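Trainee: Please find the sequence and the predicted model below.
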Amino acid sequence: MAEELSCRMGMIEQIIRYTYWSSRCQGIVVGMSGGVDSSVAASFCCRALGPERVLGLSLPSLVNNPQDVQDAALLCAKLGMEHRTINIEPILQSFRKLPEFTETPYLLGNMMARIRMVILYYHANRENRLVCGTSNRSEYMLGYCTKFGDNAADIQPIVHLYKTEIYEVAEELGIPESILRKAPSAGLWDGQSDEGEIGLSYSEIDASLKKLEENNWNPSNSSEKRILDLVHKSGHKRLRAPNLLTELKEPGQTVREN
């Protein structure tokens, strides 16, 4: 089991190195939420490329727990990578001045996710870096992400790992206990937790997703049916926007044969 985990971790480092060197960029930027996913993604980037090439940005608003920024800063210091903090509250206040601005947890949460990604790409453009995504497989399959927000990235090194597997890898990477113990949260409003919003624990979600994949996506109980409904509902987030250039040939690239 340990050998298999080591092999899988090595493959993640390889894809980061390959993407980095083929892009001819000069670094990677990671949005550091203080949670386990971004911590694992940043750790892999440092292992693959060296911490001097990795920048971590914490982008809190007023609803974020200050401890999350502290945890992110401590992890970046441990890894030897640069860390910066930019409060997005002034940007949110500017949006609140728009005519007929409506504020709900849903609208504000999506707005914050997209603002954060804009800032990540601003730094990536300015410093010739790639944006590293921090999505895991569980949330990706359920669509628990914001389109053009936290699901936007140049590379998604951990999107194939279920949330429960993220924790296994995190322990192997030596992620601090203060990060491992906290309840997963997107920090979209005060007291928000991922499992509370979804209504299921990650162990239940992952078990259902694995069973569904084994059984050709045929649910066998109510939990699997609920998960399958979420997978179907969020399908648009995993697909390219509908277009008439689905097989557009890029220079130097052969057209894929179907």
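Mentor: Structure received. Numbers count the residues shown, from 1 in each chain.

Trainee: Just the helices from the stretch 151-258 of the chain, written as ranges.
Mentor: 163-173, 177-180, 194-198, 202-214, 222-233 (DSSP state H, counting those that start in this stretch).

Trainee: of those, which approaches Leu75 most closely?
Mentor: Of all the helices of the stretch 151-258 of the chain, helix 177-180 sits nearest to Leu75, with 6.7 Å by C-beta to C-beta. All C-beta atoms are positioned from the backbone trio N, CA, C, and that covers glycine.

Trainee: Dump that closest one to PDB, restricted to CA.
Mentor: Output in PDB follows, covering the C-alpha atoms of helix 177-180 (Å, rounded to 0.1, in the frame of the first residue of the first chain):
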ATOM      1  CA  GLU A 177      -2.200  18.700  12.200                       C
ATOM      2  CA  SER A 178      -3.800  22.200  12.500                       C
ATOM      3  CA  ILE A 179      -4.800  21.900   8.800                       C
ATOM      4  CA  LEU A 180      -5.700  18.200   8.900                       C
END
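
Trainee: Can you give the contact residues for that helix?
Mentor: Helix 177-180 is contacted by residues Gly34, Gly35, Val36, Ser39, Gln67, Asp71, Leu74, Leu75, Tyr167, Ala170, Glu171 when judged by C-beta atoms under 8 Å, 6 or more residues apart in numbering.

Trainee: from those, which is closest to Ser138?
Mentor: Looking across these and measuring by C-beta to C-beta, the closest to Ser138 is Tyr167, at 11.2 Å.

Trainee: ok, the closest one - how many residues close by?
Mentor: 17 (other C-beta atoms under 10 Å).

Trainee: Do you have the helices of the stretch 1-150 of the chain handy? List them.
Mentor: Going by DSSP H, counting those that start in this stretch, the stretch 1-150 of the chain shows helices at 2-23, 36-49, 66-79, 89-95, 105-127, 137-142.

Trainee: most packed of those helices?
Mentor: helix 36-49 (a mean of 24; mean count of other C-beta atoms under 10 Å).

Trainee: For that helix, give the mean pLDDT please.
Mentor: Helix 36-49 carries an average pLDDT of 97.

Trainee: Stretch 50-67 spans what distance, first to last residue?
Mentor: Stretch 50-67 has an end-to-end distance of 26 Å (criterion: C-alpha to C-alpha, to the nearest Å).

Trainee: Of all the residues in it, which ones are buried?
Mentor: Pro51, Arg53, Val54, Leu55, Gly56, Leu57, Ser58, Leu59, Pro60, Ser61, Val63, Asn64 (16 or more other C-beta atoms under 10 Å).

Trainee: Isn't Val169 up against Leu161?
Mentor: Yes - using C-beta atoms under 8 Å, Val169 is in contact with Leu161, at 6.6 Å.

Trainee: Compare neighbour counts for these two and give me the winner.
Mentor: Leu161 (22 against 19).

Trainee: For the residue lying farthest from the centre of the chain, grab phi and psi.
Mentor: Largest separation from the mean C-alpha position in the chain: Pro99, at 31.7 Å (C-alpha atoms, centre = their mean). The phi/psi pair for Pro99 (degrees, to the nearest 10) reads phi -60, psi 140.

Trainee: any idea how far it lies from Pro105?
Mentor: Distance, Pro99 to Pro105, by C-beta to C-beta, to the nearest Å: 21 Å.

Trainee: Check His83 too.
Mentor: Distance from His83 to Pro105, counting by C-beta to C-beta: 28 Å.

Trainee: mean confidence score for stretch 139-146?
Mentor: Rounded mean pLDDT across stretch 139-146 is 93.

Trainee: Quote the end-to-end distance of that stretch.
Mentor: 11 Å.

Trainee: What is the distance between it and the centre of its chain?
Mentor: Here stretch 139-146 is found 9 Å from its chain centre; the criterion is C-alpha atoms, centre = their mean, to the nearest Å.

Trainee: show me where pLDDT drops low in the stretch 101-250 of the chain?
Mentor: Scanning the stretch 101-250 of the chain for pLDDT under 70 picks out the ranges 186-192, 196, 246-250.
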